[in-house]
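In: Quick one: sequence and predicted model below, then my questions.
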Amino acid sequence: MSLEPRWPVPRGWGWTSIESIADVTGGGTPPANDPLNFSDGGGVPWVTPADLTDYESTYIKRGRRNLSERGYKNSAAKLLPAGAVLFTSRAPIGYCAIAANPIATNQGFKSLILFGGISGEFTRHYLRWSKPFLESLASGTTFLELSGSKLQQVPFPLPPVAEQKRIVAKLDALNSKSARARAELARIETLVSRYKVAVLRKAFSGELTKEWPVLALDRVSEAIFDGPFGSNLKSADYTSEGPRVVRLENIGTRVFIEEKRTHISDEKFQSLGRHQLQANDLLFSSFVSEEIRACLFPADIGFKAINKADCFCVRFDTTKIDPQFALLQLTTEATYRHFVQQVHGATRPRIRVRTHNWLSLSAET
């Protein structure tokens, strides 16, 4: 690799190579099948790329395991001095931390023992920022690996020592602000999520809507029907193409599962006119076990369909209720508890769709 500047640098800076600012060294692992090679307590601190997964601190003291003296002698691991820059060169490329004390690594690292006058923090920032560039230099079939010889030839921008320190201080300050902002956003997202859950719980348990009138299902619907039973739709009526039959397997939890496909002929579809589905019809299973399975028939589904037996359909009067609101209320824990009390049948407990007043509606709904 020829040393070519990656971009113009200010007066007083210069481009050099990694091998001009540091000794590059690898690591090693003793035989893993011998537990005496490792130590949970004393021994030689030892890190692997897994120890740097989601690790954001600048310095690292040790990994999850230490090497015993025996393990250290039985491996190619080298004890690196405090201040060495530990850089993962495979699986994955680009994790980077600075040794807070003498430490060893496995073979997944190419570590830099810096010469005098080179800031470890500045080097770490540069290597982390250069991750895509360094990955482009790697090779391998099973996984990409950046060799020590290629890392040695990587161009390195070298400012004066005082400038290195100013850059590190500025980057650390910006990273600290960014971390605080991310933490605050995560906190807000958690609060919003909790508030949303609390509002929904109150809304559909009746606490939020206790002053609203309670209306029977048939007061807010244009049609309520089950699918055809028995001789009206037999397995012999199924075809390889044509209008679809919506079965229990198509009804998920607030989602329509389109991939499960059963067809009937156009002639059969026309004969079952009262079971034909329309956009935003609410479909739900008549069987109640650990949850209520319900969804809306999609408006953009692109095919004609009927519902099958045990798939209830409610077609709402949209001037009185929003189907999406009804779906949310139908699948709440409060409605589930209500349905559980109303089921009948010992083998497969079912509900009767017409017998329940489960919608709490405001006067404006």
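Out: Sure thing, it's come through. Numbering: from 1, shown residues only.

In: the helices in this protein, which residues?
Out: 18-21, 69-73, 120-129, 131-136, 148-152, 161-205, 266-271, 323-330, 333-342 (DSSP state H).

In: just how off-centre is the fourth one within its chain?
Out: Okay, so that is helix 131-136. 25 Å (CA atoms, centre = their mean, to the nearest Å).

In: got it, and stretch 131-145?
Out: With CA atoms, centre = their mean, you get 25 Å for stretch 131-145.

In: quick one: contacts of the longest strand along the chain?
Out: Taking DSSP state E as the criterion, the chain has its longest strand at strand 238-246. Outside strand 238-246, the residues that touch it by CB atoms under 8 Å, 6 or more residues apart in numbering are 227, 233, 261-266, 268-269, 277, 283, 297, 303-308, 311. For every residue, glycine as well, the C-beta is placed using N, CA and C.

In: Strands - which of those land there?
Out: 263-264, 283, 305-307, 311.

In: Can you tell me which of those is closest to Y55?
Out: Distance to Y55 across those (CB to CB) is lowest for L283, with 48.0 Å.

In: For burial, what's the neighbour tally of that closest one?
Out: L283 has 23 neighbours, counted by other CB atoms under 10 Å.

In: Next: I118.
Out: Using other CB under 10 Å, I118 has 19 neighbouring residues.

In: tell me how far stretch 51-64 is from the chain's mean position?
Out: 23 Å.

In: and if you look at stretch 241-254?
Out: Mean-position distance between stretch 241-254 and its chain equals 28 Å (CA atoms, centre = their mean).

In: Compute the first-to-last residue distance for stretch 278-293.
Out: In stretch 278-293, first residue to last residue: 19 Å (CA to CA, to the nearest Å).

In: hmm, who's touching that stretch?
Out: 226, 246, 248, 250-253, 256, 277, 294-299, 301, 307, 310-316, 318, 323, 326-327, 330-331, 335-336, 339-340, 343, 348-351, 353.

In: quick revisit: would JSON lines of the ones in strands among the contacts of strand 238-246 with distance to E19 and pLDDT be doable?
Out: Converted to JSON lines, the ones in strands among the contacts of strand 238-246 look like this (distance: CB to CB, whole Å; pLDDT from 0 to 100):
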{"residue": "H263", "distance to E19": "68", "pLDDT": "93"}
{"residue": "I264", "distance to E19": "73", "pLDDT": "93"}
{"residue": "L283", "distance to E19": "67", "pLDDT": "92"}
{"residue": "A305", "distance to E19": "68", "pLDDT": "94"}
{"residue": "I306", "distance to E19": "74", "pLDDT": "94"}
{"residue": "N307", "distance to E19": "72", "pLDDT": "93"}
{"residue": "C311", "distance to E19": "70", "pLDDT": "87"}
